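Student: the sequence isn't on hand, but the structure is:
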Ligand code: IMP
């Protein structure tokens, strides 16, 4: 079954392909000649995922999905949340985003140096529309906390400051190999939920 993924990021498309397996063929919009800048103007992850998926479905009327991910930090009232990519500005610069996050937590006071006060999670929401345009949504969550400083150089985005519970709560995502991250990640869980649905829906 062919399924179109509303992303311009080849790395994400390859990751989705490897999780969905050979029964599915993941196609990027640009492979179909769709080069539009797919809009994401909503103030929730779900809203953005649905907006992107609906936009693409209207163009191609084929099975497609879109994702949106946010980092939610409890001590910051769930921020950066839907603003995760642009937390420190439109440049979407990972180092600047992490520096801002660490500074915001430091401002809260010394007790916020304790991991228990730095609880956070990555959340990925996927919106899928089948060829008839019926909408289904899926979610994947990775629980953990924000480290006091960056460590590790693997991965991307906020990986150097995010310590997942599932690997023992000591190492950041930037210190674990990609296979380990993919097995536990928010995006991996959301894509596996989509896969499970597709396999049972056929
Ligand atoms: P997107 O919705 O996949 O574009 O993700 C939004 C932002 O969340 C990205 O720009 C990254 O900063 C951050 N992010 C998403 N997934 C991860 C991850 O697995 N590790 C670290 N940061 C991530």
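Tutor: Structure received. Predicted model only: the values in this text are computed from it and were never measured. Numbers count the residues shown, from 1 in each chain.

Student: burial of residue 78, as a residue count?
Tutor: Here the number of neighbours of residue 78 (other CB atoms under 10 Å) works out to 15. Every C-beta, even on glycine, is put in place using the N, C-alpha and C of the backbone.

Student: now residue 201
Tutor: Residue 201: 10 neighbours (other CB under 10 Å).

Student: quick one, what contacts it?
Tutor: If a contact means CB atoms under 8 Å, 6 or more residues apart in numbering, then residue 201 has residue 130 as its contacts.

Student: same check, this time on residue 34
Tutor: By CB under 8 Å, 6+ apart, the contact list for residue 34 reads 56, 59-60.

Student: which among those count as buried?
Tutor: Among the contacts of residue 34, those buried by neighbour count (16 or more other CB atoms under 10 Å) are residue 56.

Student: can you narrow the contacts of residue 34 to ones near the ligand?
Tutor: Applying CB under 6 Å from any ligand atom to the contacts of residue 34, one finds that nothing falls near the ligand.

Student: wait, which of the contacts of residue 34 is closest to residue 111?
Tutor: residue 56 (45.6 Å; CB to CB).

Student: looking at the closest one now. What's its pLDDT?
Tutor: Note on residue 56: pLDDT of 97.

Student: what sits against it?
Tutor: Residues counted as contacts of residue 56 (CB under 8 Å, 6+ apart) are 4, 6, 29, 34, 38, 64, 66.
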